[in-house]
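**Student:** Need the 3D shape of this:
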Amino acid sequence: MEAEGGGRAAAGCLYLVDTLAGDPDVLQVDAETYYEKLLKKSSSTRDVFLIPGEEEVKLEDSSVCFVPLYRNNPTCKLLLLTDPKDKETVLAVYLNQCWWPVEEVVKTADPSRDGLISVQTFGERIVLFVLNYIIFGMLEGSSANDAFFLPHSATECAKILWRNGEAVGFYSVKMKGSLCDGTTSQCYLLPVLDTIFVRRKYRRGGLGMKMLHDFCQSFMAEDALGISCPISAAMYQVCQKFLQSYPEEQKRLWEVEAPGDWSQRVNIWLKIQMESSPSGKAEVGSRMEYAQTSKPRQTDTNQMNKGVEYIPGVGKVAGDSTDKKDDTSAAGTRNAQGSEQEDLEQGAGNTQQCKGFRKRAGPGGSVGDKATKQFRIIP
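**Tutor:** Sure, this is the predicted structure:
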């Protein structure tokens, strides 16, 4: 029996985000019931999943797994189908009693979904998860550091960028007053752009700058705005281009360590200007080294989404929009595919910053913590 690669066919002419309704807990129970039935089927009666133009994939225990939808809620999970030949490649998501190919999950038939729209519904949370965890973290992210990114939290403040019926990017924000992590009582002292991502095929279109501008416009009453530290070289290029176009924002944008007090901030425009001169580089470098080594981070060590044009990365992916700094596609400032300059030209690359990232593993595999801090850009 075939499970056609098209949940869309089962839902008429609408896509998952257009039709998903009801209690998320009920949807999870449906997935768990389906999984139990799958385990009981004999090998001779296995269903198959078919994506047009691709080989059939048997729906069996070894090819499916549950993964947490939210970083801070391990009980809320999604059932994923992975490629038997490559466990890091996710083929489909099980929801509403059918399998949805990854590319269909991020599409919409609703013409009102256009531009940057705040994530509010459960369906939009699913889209954010797929963009961040699957597309950026597994399919389009850089394998240079063998990293993947955690999901965002259930209450993450984020916007998805829709264009021509498809989700092409997103960015997430740590709100002023929100907790830095679940282990301290410290709160962010200013709004911080945590993760940002633009899909590879939509880069070079200025979408990264568009999201950075939207972030600034969303907090006009604030005297200072942050971008999670560290920021990659490519992300700095995006910031430079943005600040040259909008000089009124030069005094407001800061590279920050959580929670973002004045000893944990460096003005981005000032740093760009100082690094343009030989004498300035040493001063800025020593200042940033002091800020990063003299004080322990207050944000989650396992946060991983930071990218610009997610840019793969001004923030943090497949993960949480917490600290993904090596990700230019999903939240922060990370470099993933191609040169940094190429990402900048794309204008919508991924510039995620990952304060902490883990070694990549299959959706259901174990991971080992890695202490490196890097930035990536995923055009």
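
**Student:** Pull out the buried positions in stretch 118-127.
**Tutor:** If you call a residue buried by 16 or more other CB atoms under 10 Å, then stretch 118-127 has these buried ones: 119, 122, 123, 124, 125, 126, 127. (Each C-beta comes from the backbone N, C-alpha and C, glycine too.)

**Student:** quick one: contacts for the third one?
**Tutor:** Residues touching residue 123, when contacts are defined by CB atoms under 8 Å, 6 or more residues apart in numbering, comprise 16, 17, 18, 19, 20, 21.

**Student:** list the contacts for the third one?
**Tutor:** Residues counted as contacts of residue 18 (CB under 8 Å, 6+ apart) are 11, 108, 109, 110, 123.

**Student:** Neighbour-wise, give me the winner out of these.
**Tutor:** Using other CB atoms under 10 Å as the neighbour test, the contacts of residue 18 are led by residue 108, with 23 neighbours.

**Student:** Could I get the full set of helices for the stretch 101-250 of the chain?
**Tutor:** For the stretch 101-250 of the chain, the helices defined by DSSP state H, counting those that start in this stretch occupy 102-105, 122-129, 207-217, 233-245.

**Student:** Check those helices for me: which has the lowest mean pLDDT.
**Tutor:** Lowest mean pLDDT of the helices of the stretch 101-250 of the chain: helix 233-245, a mean of 87.

**Student:** what's the next secondary structure element after that helix?
**Tutor:** Once the chain leaves helix 233-245, the next helix or strand it forms, by DSSP states H and E, is strand 253-256.

**Student:** ok, residue 156 - how many residues close by?
**Tutor:** Neighbour tally, residue 156, other CB under 10 Å: 28.

**Student:** ah, wrong one, I meant residue 86
**Tutor:** 11.

**Student:** With residue 28 instead?
**Tutor:** 18.

**Student:** for it, what are its contacts?
**Tutor:** By CB under 8 Å, 6+ apart, the neighbours of residue 28 are 76, 77.

**Student:** hmm, try it at 10 Å
**Tutor:** Residues near residue 28 by CB atoms under 10 Å, 6 or more residues apart in numbering: 66, 69, 75, 76, 77, 78, 79, 95.

**Student:** And those, which two are furthest apart?
**Tutor:** Pairwise distances across these peak at 16.8 Å for 75 and 95 (criterion: CB to CB).

**Student:** These two: which has the busier surroundings?
**Tutor:** With neighbours defined as other CB under 10 Å, residue 75 and residue 95 compare such that residue 95 has more, 23 against 9.

**Student:** so that one sits right up against residue 27, yeah?
**Tutor:** Yes: using CB atoms under 10 Å, residue 95 makes contact with residue 27 at a distance of 6.0 Å.

**Student:** which residues are in contact with both of the two?
**Tutor:** 20, 78, 79, 122, 126.

**Student:** Those: which two are farthest apart?
**Tutor:** 79 and 122 (15.3 Å).

**Student:** The contacts of residue 123, buried ones only, as a PyMOL selection?
**Tutor:** Per 16+ other CB under 10 Å, the buried members of these correspond to this PyMOL selection:
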select buried, resi 16+17+18+19+20
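
**Student:** Closest to residue 247 out of the contacts of residue 123?
**Tutor:** Top of the list for closeness to residue 247, among the contacts of residue 123 and by CB to CB, is residue 17 at 37.9 Å.

**Student:** The closest one - that's part of a helix, no?
**Tutor:** Yes: following the definition DSSP: H, G, I helix; E, B strand; the rest coil, residue 17 is counted among the residues of a helix.

**Student:** Tell me who's in contact with it.
**Tutor:** 100, 104-110, 113, 121-127, 130, 160, 162, 167.

**Student:** and the angle from the helix or strand containing residue 79 to helix 122-129?
**Tutor:** Element membership for residue 79 (DSSP H and E) is strand 73-83. Angle, strand 73-83 to helix 122-129, by axes from the mean of the first three to the mean of the last three CA atoms, to 10 degrees: 60 degrees.

**Student:** and strand 73-83, what other elements does it pack with?
**Tutor:** helix 24-40, strand 57-58, strand 64-70, strand 86-95, strand 98-101, helix 122-129 (3 or more CB pairs under 10 Å, 6 or more residues apart in numbering; DSSP states H and E).

**Student:** Report the rounded mean pLDDT for that strand.
**Tutor:** The average pLDDT for strand 73-83 rounds to 91.

**Student:** buried stuff in that strand?
**Tutor:** Under the neighbour-count criterion of 16+ other CB under 10 Å, strand 73-83 has 76, 77, 78, 79, 80, 81, 82 buried.

**Student:** so how far is residue 134 from the second one?
**Tutor:** Same thing as residue 77. Separation of residue 77 from residue 134 (CB to CB, to the nearest Å) stands at 14 Å.

**Student:** go on, the fifth one?
**Tutor:** As defined by CB to CB, residue 80 lies at a distance of 8 Å from residue 134.

**Student:** Need the overlap of contacts for the two.
**Tutor:** Common neighbours of residue 80 and residue 134, counting by CB under 10 Å, 6+ apart, are 67, 90, 91, 93, 102, 363.

**Student:** what's the weakest-modelled helix or strand in the chain?
**Tutor:** Lowest mean confidence among the helices and strands of the chain (mean pLDDT, DSSP states H and E): strand 374-375, at a mean of 34.
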